[in-house]
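Enquirer: Structure here, sequence nowhere to be found:
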């Protein structure tokens, strides 16, 4: 935590009287922690620094105890998270202890007893006390703070429990401070009762502790034991410090307890030294707690001793704030850092935790019998550098506390997945921070780079830490898009209708190529993991491609046109991502109805069913399990996207007819007879010579010998009566019929930008009030047996396909040696829904759809208009800023980009990647360095109108994990200098809040979509 709030600034910010916090609470500064730090990260930081600063071998640790009340998980403990620092040492005892602010002390006592026991194995124990103190807006907020302390426990230490049994404990059942509501980070606090409980526990512990001390100090049984030990006896005190003014007042009350003990020992006679306190000695302790008069007397009596015995130990708390379980250990650290402690000095420590639990114990400073440079009083001071470190913190504006705590509150309610808003760039070097919480609530951490600490300029103006996204949240903006059409009219007539609609994605599914199971249960995982689906095509497919007599036309630098025939397999397509065989039987679709759909429609319909199931709109089991409930049917629409709708069916039927008329479909005898007839027609006399007749006779005899009588004769071609259904009743109508969806229904062909455009159309349906939810489905089978010879030939003729034989040589998105696209097939399903509809169904979205845009460049059938794409991207992000307040810089810093990159590379400036990177660089400027670029075509191929990327965008935000750009993290990756420096994804966990999708298609089609995590807006 490198940010610090000055309490004087907080007073002005809160509009309270000057000195209210500095004098009234005794505080000077307070540490500020945003959502990028949690209790695990601060504990990791403290422990890692202990190990590194003192050069401690992790294998030399045998026990690790953690004390904290800041829980991020009700089962998995912070201790287990810290075990990531012990990769080769799983044999470490200890757990996390929770009891308000007392957990750290319980951990210390437990570790001490282990080291002193006969079961000790000679290794060190480590205690980590850590907490983040956060309070709701109100009088308690100035007592926030955060911090962690790690302590090494072993024998022959510079601070020791000189008399192990010399401690006193108080335990009682109190409700002064507790955290019953797991929906919030803030405690439930009774401030007045909490102070009373603190006083009671302190006085109870001190009485018992003083009695034990007196007994130790008494030389004979007959000697009076009273007054041997008093509040001025110890060399130093360390108190648990919720705020420093409480420590001052509490220490003063020890003088009152000393007076009571003297009076009780004297049979009720007040000691002359205590005349000023006599009226209060006749009162019960509880009646004295609220006395301002007594408070003033005790303050005056204790002030000199306080300055000598407690001021040094209170240093850190006055500058950090309340750190709960770590508070008392910050006191010990402050005392050591001050250099005031000398060998032989005794330190009385008081630890308190609400609920209530308290212990008072004694530590003694000493010179170890076998001192090392690290483990001495002076060595500790050198390593601690507490004051020096605190002086390096940046001063932040007073409002930063509210921003940070409000951000933490939103995080607490956000659920999973979650990516922090605050950047780690302002943290100290070697500080652990939270990178993300994935969809299963698993937290991942990273550490800031090593660098020297730089003292802050005390005269510098306060810096701003709050990221823009938090400022937008503070403004309580309604996120969505303005309603249009029917809803717009209703909104003017009925003020109860919201003027914005938020769209969420409640269900997704993908049908992937590359395996026999097109709709495997782990498909979404494969999509994000980057599982390869590209394989060699069959020999027959290669022959069929060569049979097309492909000629590539290439224009030379001098304008000359070259014709490049494709004659060899090595010059033709070698690889593709192809679908396995599948049926719609699983979805209760009859064979007859399935036959009315081509493969593209079938895979799209199946993806639609899977997405509906993922969204909780169908059960997928039992009679009618794939039908949507009646109450949702009229308000659910369908959009079908495909680059080649019904072409699989049309081309397949034509090919079946032609094959029935070819040589290959006829019998050998029929071929022989046809040959004779041709020869007769070609002869001058319409007669054949004897030699020809003999040759034909021998050929006919040979045909009879070769005939397989068991072979079923070829059936005569009969026109498929379902042909019109296959080419006219497309996937959108089929899914509507099968699932009972009676809402808006259409299909779009925007070539390779089809899915993204279809999502934009669905978005429009939601914001216009035409539907409450829309299922967007897409299907194409460009790499299938029927279309591959034709579409492959078409792309090869343009020089756009890859001809590499090996997968690792072919899949090189963004690389300088990329060589062309790889055809693919598949299907996707996405359920978009208004957030209100999802909430009515008690369904939480996987991600938000924040904005969409689609247009046409009116430029060229196959080429991209770089200027227009750049303009459209800028226009789109300007619209995003207008609607949501999300800046381009914020998208880059907290986002990922789902690239259209197809790996075509006919020339540096005509490639798809050049067009989109140029647009990105122009629009984002320097911020592009922060935008992570992802790509799926490197391992799934190009499925034409099916955008796996849009589903990937949703899953990236949902799981906080990204797919890799294939080959980008290999040493053999060849950088394309024409593209410049790019932040290419290496795959794996990645914290992000936005996913920007760009797609382009033949015919100058352009589409954009911006997705956001559920909790971000």
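Expert: Good, I have the coordinates. Values in this document were obtained by computation on a predicted structure and should not be read as measured data.
Enquirer: ok, now how distant is the residue nearest to residue 802 when sequence neighbours are not counted from residue 792?
Expert: Of all residues not flanking residue 802 in the chain, residue 820 sits nearest, at 3.8 Å (CB to CB, 6 or more residues apart in numbering). In short, each C-beta sits where N, CA and C put it, glycine included. Distance, residue 820 to residue 792, by CB to CB, to the nearest Å: 11 Å.
Enquirer: Would you mind telling me which of those two has the busier surroundings?
Expert: residue 792 (24 against 21; other CB atoms under 10 Å).
Enquirer: And the more buried one, how close does it get to residue 601?
Expert: In terms of CB to CB, residue 792 sits 21 Å off from residue 601.
Enquirer: next one: residue 622
Expert: For residue 622 relative to residue 601 (CB to CB), the value is 25 Å.
Enquirer: quick one: which of those two has more around it?
Expert: residue 601 (31 against 8).
Enquirer: List the contacts of the more buried one.
Expert: 640, 642, 645-646, 726, 730-731, 734, 779 (CB atoms under 8 Å, 6 or more residues apart in numbering).
Enquirer: what helix or strand is the residue nearest to residue 232 when sequence neighbours are not counted on?
Expert: Nearest residue to residue 232, sequence neighbours excluded (CB to CB, 6+ apart): residue 305, at 5.0 Å. Using DSSP states H and E, residue 305 sits in helix 292-309.
Enquirer: Only the buried residues of stretch 989-1007, if you could.
Expert: For stretch 989-1007, burial by neighbour count (16 or more other CB atoms under 10 Å) applies to 990-1007.
Enquirer: before we move on, what about stretch 881-896?
Expert: Buried residues in stretch 881-896 (16+ other CB under 10 Å): 883-896.
Enquirer: Tell me how many other residues surround residue 67.
Expert: A total of 32 residues lie near residue 67 under the criterion other CB under 10 Å.
Enquirer: Equivalent analysis for residue 690, please.
Expert: Neighbours of residue 690 using other CB under 10 Å come to 7.
Enquirer: Residue 156 - nearest residue in space that isn't next to it in sequence?
Expert: Nearest residue to residue 156 in three dimensions, chain neighbours excluded: residue 368, at 4.7 Å (CB to CB, 6+ apart).
Enquirer: Settle this for me: that neighbour is touching residue 157, isn't it.
Expert: Yes - assessed by CB atoms under 8 Å, residue 368 is found in contact with residue 157 at 6.7 Å.
Enquirer: any residues in contact with both of the two?
Expert: residue 375.
Enquirer: Among the buried residues of stretch 881-896, which ones are in strands?
Expert: 895-896 (DSSP state E).
Enquirer: Take the contacts of residue 601 and lay them out in a markdown table including secondary structure, distance to residue 413 and pLDDT.
Expert: Listed next are those as a markdown table, based on DSSP: H, G, I helix; E, B strand; the rest coil; distance: CB to CB, whole Å; pLDDT from 0 to 100:
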| residue | secondary structure | distance to residue 413 | pLDDT |
| --- | --- | --- | --- |
| 640 | strand | 37 | 96 |
| 642 | coil | 41 | 94 |
| 645 | coil | 44 | 88 |
| 646 | coil | 48 | 81 |
| 726 | helix | 50 | 75 |
| 730 | coil | 43 | 87 |
| 731 | helix | 39 | 88 |
| 734 | helix | 41 | 92 |
| 779 | strand | 39 | 95 |
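Enquirer: and which of the residues you listed is nearest residue 808?
Expert: For those, the residue nearest residue 808 by CB to CB is residue 779; the value is 28.9 Å.
Enquirer: got the contact list for that closest one?
Expert: Going by CB under 8 Å, 6+ apart, residue 779 touches 511, 599-605, 607, 640, 642, 731, 826-827, 945-946.
Enquirer: What of residue 600?
Expert: 642, 644-648, 731, 779-781, 825, 827.
Enquirer: Out of those residues, which is nearest to residue 269?
Expert: residue 827 (94.5 Å).
Enquirer: Wait, that closest one touches residue 611, no?
Expert: No - at 9.9 Å, residue 827 does not count as touching residue 611 under the criterion of CB under 8 Å.
Enquirer: Could you tell me which residues touch both of these two?
Expert: residue 777.
Enquirer: Between those two, which has more neighbouring residues?
Expert: Higher neighbour count among residue 827 and residue 611: residue 827, with 36 against 27, using other CB under 10 Å.
Enquirer: So that one, which state does it fall into?
Expert: Classification of residue 827 using DSSP: H, G, I helix; E, B strand; the rest coil returns strand.
Enquirer: Ok, residue 128 next?
Expert: Here residue 128 is recorded as strand under three-state DSSP.
Enquirer: Please work out how many residues are found near it.
Expert: Residue 128: 29 surrounding residues under other CB under 10 Å.
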